[in-house]
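Novice: Sharing a model that was predicted from the sequence below.
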Amino acid sequence: MGQEWGPWGPDDRDGAEAPTEAGAANGAPDAPTEAGAAIGVATGAPTGAPGEMPTAVDPGAAPEPPWGYLDQYLWYTCDILSDHLAGALDQRPMVATTARLRPGERPLAVGPAFYLTWRAVGDGSWTHSGVVAFGHPALVAGTLIGSAMGNAARRRAAQAALQPRWVPEASGEVVVSDLGFHFLNPFAAAYTWDWGTPTSVELVGPERLQCGFVSGNGGHVAAQLHTPWASLIFVLTALHAFPAHPRLLSCAWLPPGFEARCARLGYPLRFPDRLRPA
């Protein structure tokens with residue numbers, strides 16, 4: 001198993017503060033603790049301390065990076081996918097969410113997210129300033145030069161604003177369910193996508209999902225969700241609508257050696273055989 005966009009370790013969010021126990025109850029995983037052991041029994045999370053299942057380590061190898069924030073999200077991603085492919089999602093505990101759910105929809109995970117779209121921030125228009133100056137020739141020349149420079153700057157800014165780029169639209173919360181995923185923001189519109197909605201999907205980096213879809217007015221929208229649940233959303237979307245996706249078939253949505261890393265650090269991984277590379 002391996003991914004093309006680099007290892008998963010302390011350089012990606014390992015230094016971030018781990019979610020609290022309350023967050024774990026809301027779908028944000030925590031590293032197992034004494035108090036969290038009871039939660040682990042219910043959710044299938046590892047209940048032992050890291051290192052309880054040691055394996056042989058090359059003495060000349062670099063030190064093992066500690067179990068981190070993204071490791072935990074990936075561990076839960078594999079756990080959810082195992083239940084999904086086994087038809088056992090109804091046995092998972094209910095995750096609390098304020099998302100408006102459809103009849104029978106079951107939330108599986110909740111976490112922070114940023115929503116971005118690929119678009120221009122302007123239409124290329126700008127205001128031309130015309131100046132008429134009277135008086136001393138030097139004063140007139142200076143006024144006209146200043147006006148020309150201002151017009152040139154506004155024209156350049158308008159041209160730059162016309163170039164598409166990733167524009168942050170809102171920060172909020174992503175809710176992953178058995179039917180699709182939702183983006184919630186208290187001050188903007190909420191968005192809901194079924195697993196079959198995206199016209200394209202890609203995992204462009206750790207915590208970065210990119211997809212395309214058709215908007216309500218028929219236009220194409222390219223969007224990104226920056227969320228620690230990006231891998232879970234990618235795999236569920238690919239399983240439903242892109243079963244031949246190269247990243248899915250090669251298991252490149254996981255870091256290299258992730259299963260072995262979990263075993264070395266005492267977090268035995270539930271990984272469905274169906275997702276292993278052929």
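Specialist: Perfect, I can see it now.

Novice: Quick one: mean pLDDT for the helix or strand Ala113 falls within?
Specialist: Using DSSP states H and E, Ala113 falls within strand 107-119. Averaging pLDDT along strand 107-119 gives 93.

Novice: Neighbouring strands of that strand in the sheet, and parallel or not?
Specialist: The pairing partners recorded for strand 107-119 under DSSP bridges are strand 165-177 (antiparallel), strand 220-226 (antiparallel).

Novice: Pull out the buried residues from the first one.
Specialist: Counting neighbours by 16 or more other C-beta atoms under 10 Å, one finds that the buried residues in strand 165-177 are 169-170, 172-177. Backbone N, C-alpha and C define where each C-beta goes, glycine included.

Novice: sorry, back to before: nearest to Arg100, out of the strands paired with strand 107-119?
Specialist: The closest of the strands paired with strand 107-119 to Arg100 is strand 165-177. By C-beta to C-beta, the value is 9.8 Å.

Novice: Dump the closest one to PDB, keeping only the CA atoms.
Specialist: Output of strand 165-177 as PDB, limited to C-alpha atoms (Å, rounded to 0.1, in the frame of the first residue of the first chain):
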ATOM      1  CA  ARG A 165      -7.600  30.100  -8.500                       C
ATOM      2  CA  TRP A 166      -8.600  28.100  -5.400                       C
ATOM      3  CA  VAL A 167     -10.800  30.500  -3.400                       C
ATOM      4  CA  PRO A 168     -11.700  29.700   0.200                       C
ATOM      5  CA  GLU A 169     -15.500  29.900   0.400                       C
ATOM      6  CA  ALA A 170     -16.300  28.900   4.000                       C
ATOM      7  CA  SER A 171     -15.000  26.900   7.000                       C
ATOM      8  CA  GLY A 172     -17.300  24.500   8.700                       C
ATOM      9  CA  GLU A 173     -18.000  20.900   9.300                       C
ATOM     10  CA  VAL A 174     -18.100  17.800   7.100                       C
ATOM     11  CA  VAL A 175     -20.500  15.000   7.900                       C
ATOM     12  CA  VAL A 176     -19.900  11.600   6.200                       C
ATOM     13  CA  SER A 177     -22.800   9.200   6.100                       C
END
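
Novice: can you list contacts of that strand?
Specialist: With contact meaning C-beta atoms under 8 Å, 6 or more residues apart in numbering, strand 165-177 is reached by 27, 97, 99, 101, 105-121, 181-188, 224-225, 227, 229, 232-233, 236.

Novice: Buried among those? Make that a ChimeraX selection.
Specialist: Restricted to buried positions by 16+ other C-beta under 10 Å, the ChimeraX selection for these reads:
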select :27,97,99,105,107,108,109,110,111,112,113,114,115,116,181,182,183,184,224,225,227,229,232,233,236
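
Novice: Low-confidence stretches in the stretch 1-150 of the chain?
Specialist: Along the stretch 1-150 of the chain, segments meeting pLDDT under 70 span 1-61, 121-150.

Novice: What is the end-to-end distance of stretch 258-274?
Specialist: For stretch 258-274, the first-to-last residue distance is 17 Å (C-alpha to C-alpha, to the nearest Å).

Novice: if you average pLDDT over it, what comes out?
Specialist: pLDDT averaged over stretch 258-274 gives 95.

Novice: Adding distance to Ser250 as columns, could you present the buried residues of strand 165-177 in TSV?
Specialist: Putting the buried residues of strand 165-177 into TSV (distance: C-beta to C-beta, whole Å) gives the following:
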residue	distance to Ser250
Glu169	31
Ala170	33
Gly172	32
Glu173	31
Val174	25
Val175	28
Val176	23
Ser177	26
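
Novice: Looking at those residues, spot the one nearest Arg274.
Specialist: Distance to Arg274, by C-beta to C-beta, is smallest for Val176 among these, at 19.1 Å.

Novice: residues contacting the closest residue to the closest one other than its chain neighbours?
Specialist: Setting aside the residues directly before and after it, Val176 is nearest to Ala109 in space (C-beta to C-beta, 6 or more residues apart in numbering), at 4.4 Å. Shown in contact with Ala109 (C-beta under 8 Å, 6+ apart): 27, 76, 80, 95, 175-176, 229, 232.

Novice: of all the residues you listed, which two lie farthest apart?
Specialist: Tyr76 and Val175 (14.5 Å).

Novice: which ones are touching the closest residue to Ala222 other than its chain neighbours?
Specialist: Leaving out its chain neighbours, the residue that sits closest to Ala222 by C-beta to C-beta, 6+ apart is Trp118, at 3.9 Å. Contact analysis of Trp118 by C-beta under 8 Å, 6+ apart lists 164-167, 222-224.
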